[in-house]
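*Asks:* give me a 3D structure for the following:
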Amino acid sequence: MKATEAKLLAFLKKSPQFVIPIYQRTYSWTEKECRQIWDDIIRTGKNDAISVHFIGSIVYIEEGLSNNTVQSPQLVIDGQQRLTTVTLLIAALANALGEEEPVDGFSARKLRNYYLLNPEETGERHYKLLLSQTDKASLTAIVGESEQPQNHSIRVRQNFELFEELIASSKDDLSAICNGLAKLVVVDISLNREQDNPQLIFESMNSTGRELSQADLIRNFILMGLEPVLQTRLYEQFWRPMEVAFGQEAYNTHFDGFMRHYLTVQTGDIPRLNEVYEAFKAHARNIGATDAGVEPLVKEIRDYARYFCAMALGAENDPDLKLAFHDLRELKVDVAYPFLLELYQDYAVEALSKEEFAETIRLIEAYVFRRAICSIPTNSMNKSFATFTKALKKDRYLESIKAHFLTLPSYRRFPKDEEFERDIQNRDLYNFRSKSYWLRRFENFGRKERVSVEEYTIEHIMPQNEDLSSSWQTALGPDWQRVHESWLHTLGNLTLTGYNSEYSDKPFVAKRDMEGGFKESPLKVNAGLGTLDQWNEAAIKNRASQLAKKALDVWPAPELAPETLVAYRPKTIAKDTYSIEDHPHLVSGPMHDLFVALRKEVLALDPCVSEEFLKLYVAYKAETNFVDVVPQAKQLRISLNMRFAEISDPRGICRDVSGLGRWGNGDVEFRMSKHEEIPYVIGLVRQSLERQLGNDEAG
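*Replies:* Residues are numbered from 1 along each chain as shown. Below you'll find the predicted structure:
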């Protein structure tokens, strides 16, 4: 490796050509990074006291001479973003200068012939910088002053136009722009392919600008060390089609998430978002994906990427599945994708029928929506879906999925019909995260000719205005304020209309009988409104009840015969049962009242918390123990099921009991003997419960 400091313009001038290898990410700097380098150039160019401005390093593989006369292109390992951005700025400046030369050496002709082009060369060798794929054609069109290709690079074109605008608004500062460019300095780092490991050097670089995505690092890890012919083939056959399938913008925003879901499927563990690359390297090494085994790995990633694009980006071709995926996307349930990716793989190889796949997607949708309506915390779903496939019996695919849903415990449960039907009538649905979603599902359920809900607006039958008209107050009765506050945003009072502005705050009968009113509405959600004579609390509750019953069909719960389901339930081992009577210190004595007060607070932490008396202690569980209470004569010894390093204990009452023999679970223990300690103790206990509930969330 050779590293030297160099003026950027001199560095560009002496180098015949830079080529961005196919495994590098595409150009990705945004307006933010471009404005930063612009501001640095202007500030530096205007200040004679600043002699240089360092903008990072350019790392490249020095190929040496070809045919003993022509120098080969230099392959850029790190620095593409800076090289491309400065090239775009110079091209915009050259266009703006015309015949001017505000600073010696800065005319349009010199800028192009020194820093953008190799004037005596033809073909691709005519250009100083060659990017990859879509970026290449866009940059060469700009530098060559020709038309942009039809499928142009969004980032390249946007940033070039940005620099054109900035230069146009800085006509009086052309000298500052030129001087600033002349002061830019880089570290010129050339590598020898025989002696240096480009991948290790690439990983260790702490570059300025936009941080590399996890997907960028993964692509480079797979392709960088391969022989050029294999590298090119794998990129063009597998990786490039993925980039195209995602699209320029979605690749930047969704690919990291996809790789996280893919690794969850393959490993069963959910990597943190900022650790996807490390998890991928471990997975690749674990399956032996060396040079010989890398092709099956890249092909598999390509296949799963197709499934992901079908589900998450609307690329599905089958109309039934496409609609099911669309409805699921509106609920924003990314955590379900690992499970869905495995299902899609089985569907692709015909191990799962389309009908069963579609029904499973609808069950997932119902599971997520019902839980949201019933206000069940979402933090358990990550792990629930990541581990779902362990419960699959692929010879009874759909049956095993239904059984697993029906046997999920406590806070992971699939809400039953009674709970869902009750809560959907009382929930604020107007401020629900996707209010058009549930109305659209109601309206189009069972329809062959679908209604585009986007053409309608949400109507409050009883108006939103706090200052209701006297006619509305009369209709709602003497308790109108309570009725208005209680039922305004709920299921019974919300509907769809194309006449929202015409309805305004008119009385119900006017809304019913006007042209386009409820009597004439073709929408299913308005069925029955045209026959009512008044709109009051009873009418709202009655309509809510009717729609809630329909909701059970729109978002159905899984059903299995009891004799079928029993085979899926975990086998319980008979064990001795204990009660509070088996703990004398809790029945009477100074610890009785303290325990009663403590257990009340622990059980109130969450509806999922259960209590179990064991022989030596009392356990409190969500799915497993999160706190155990060991009764003693003059104190309660309490164990928290978490690592000692995880506890926040400002008073320092906890001790680390890892490795010590003890009753209870976990590495954290403390003792309490006074009622006034309960609030602080509950704060400690809550940490253990939240860790268990939230343990399903990965970074």
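
*Asks:* where along the stretch 351-500 of the chain do the strands fall?
*Replies:* For the stretch 351-500 of the chain, applying DSSP state E, counting those that start in this stretch gives strands covering 457-460, 494-497.

*Asks:* who does the last one pair up with?
*Replies:* Read that as strand 494-497. Paired strands of strand 494-497, with direction, are strand 457-460 (antiparallel) (DSSP bridges).

*Asks:* in the strand it pairs with, what's buried?
*Replies:* Residues of strand 457-460 classed as buried by neighbour count (16 or more other CB atoms under 10 Å): 458, 459, 460. To be clear about C-beta, it is placed using only N, CA and C from the backbone, and glycine gets the same treatment.

*Asks:* cool, stretch 668-678 as well?
*Replies:* Across stretch 668-678, burial judged by 16+ other CB under 10 Å covers 668, 669, 670, 671, 672, 677, 678.

*Asks:* ditto for stretch 434-450
*Replies:* Using 16+ other CB under 10 Å as the test for burial, stretch 434-450 gives 437, 438, 439, 440, 441, 442, 443, 444.

*Asks:* which residues does residue 76 bridge with?
*Replies:* residue 60.

*Asks:* contacting residues for it?
*Replies:* Contacts for residue 76 (CB atoms under 8 Å, 6 or more residues apart in numbering) come out as 18, 19, 20, 21, 24, 58, 59, 60, 83.

*Asks:* pLDDT weak spots in this protein?
*Replies:* Under the criterion pLDDT under 70, the flagged ranges of the chain are 1, 63-71, 193-212, 289-292, 500, 571-575, 661-664, 694-699.

*Asks:* tabulate the strands of the stretch 351-500 of the chain (TSV), appending distance to residue 301.
*Replies:* Converted to TSV, the strands of the stretch 351-500 of the chain look like this (distance: least, CB to CB, whole Å):
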stretch	distance to residue 301
strand 457-460	42
strand 494-497	42
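
*Asks:* how about the ones you listed, which one is nearest residue 405?
*Replies:* strand 494-497 (28.6 Å; CB to CB).

*Asks:* dump the C-alpha coordinates for that closest one into PDB.
*Replies:* Output in PDB follows, covering the C-alpha atoms of strand 494-497 (Å, rounded to 0.1, in the frame of the first residue of the first chain):
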ATOM      1  CA  LEU A 494     -67.800   6.700  10.900                       C
ATOM      2  CA  THR A 495     -68.500   6.000   7.200                       C
ATOM      3  CA  LEU A 496     -67.400   6.900   3.700                       C
ATOM      4  CA  THR A 497     -68.800   9.600   1.400                       C
END
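
*Asks:* and the contacts of that strand?
*Replies:* Residues from elsewhere that reach strand 494-497 (CB under 8 Å, 6+ apart): 429-430, 435, 439, 443, 453, 456-461, 503, 521, 523, 525-526, 529.

*Asks:* in helices only, show me these.
*Replies:* If you go by DSSP state H, the contacts of strand 494-497 have 435, 439, 443, 503 in helices.

*Asks:* quick one: contacts for residue 469?
*Replies:* 505, 507.

*Asks:* and it, its phi and psi?
*Replies:* phi -70, psi 160 (degrees, to the nearest 10).
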